[in-house]
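Trainee: Model the following, please.
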Amino acid sequence: MADVQIVWDLENDPDGNYWHIIVEGHGVTQDEVEEVLRNPRNPADVSRTTGRFMTFGPTSTGQYIVVAWDLVSDDPKIIYPVTAYPVPEPRGN
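Mentor: Residues are numbered from 1 along each chain as shown. You can find the predicted model right below:
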């Protein structure tokens, strides 16, 4: 998803994704979220509980995170991160 456009709400919007993920302290940065989403080697799946897309991957800071996101448009590819947080890295990686 290297060519993906990632949509962020305004930094001062307490109901937005930036506020939820970054300001409320989920332990990740905006750069880490975008790094994981743009890396085509990171696996994506669909959550069985929410139906949202989930992308898992390592960051350059050494964290392993999951990003839950919604597809806004397929052409061009535009996605909206909903939440992101550190998770244990799968065994064998």
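Trainee: Packing partners of the lowest-mean-pLDDT helix or strand in the chain?
Mentor: In the chain, no helix or strand scores lower on mean pLDDT, DSSP states H and E than strand 44-46, which sits at a mean of 94. Under the contact criterion of 3 or more CB pairs under 8 Å, 6 or more residues apart in numbering; DSSP states H and E, strand 44-46 touches strand 53-58. Heads up, the C-betas are built off the backbone N, CA and C, glycines and all.
Trainee: What strands flank the strand it packs on, and is each parallel or antiparallel?
Mentor: Here strand 53-58 has these sheet partners by DSSP bridges: strand 44-46 (antiparallel), strand 64-74 (antiparallel).
Trainee: Next, format these as a markdown table and append mean neighbour count.
Mentor: Formatted as a markdown table, the strands paired with strand 53-58 follow (neighbours: other CB atoms under 10 Å):
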| stretch | mean neighbour count |
| --- | --- |
| strand 44-46 | 11 |
| strand 64-74 | 17 |
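Trainee: As CSV, those with distance to residue 23 would be great.
Mentor: Listed next are those as CSV, based on distance: least, CB to CB, whole Å:
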stretch, distance to residue 23
strand 44-46, 25
strand 64-74, 16
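Trainee: Compare those and give me the one nearest residue 28.
Mentor: Closest of those to residue 28 is strand 64-74, at 5.4 Å (criterion: CB to CB).
Trainee: Contacts for the least confident helix or strand of the chain, please.
Mentor: Contacts with strand 44-46, where a contact means CB atoms under 8 Å, 6 or more residues apart in numbering, come from 52-56.
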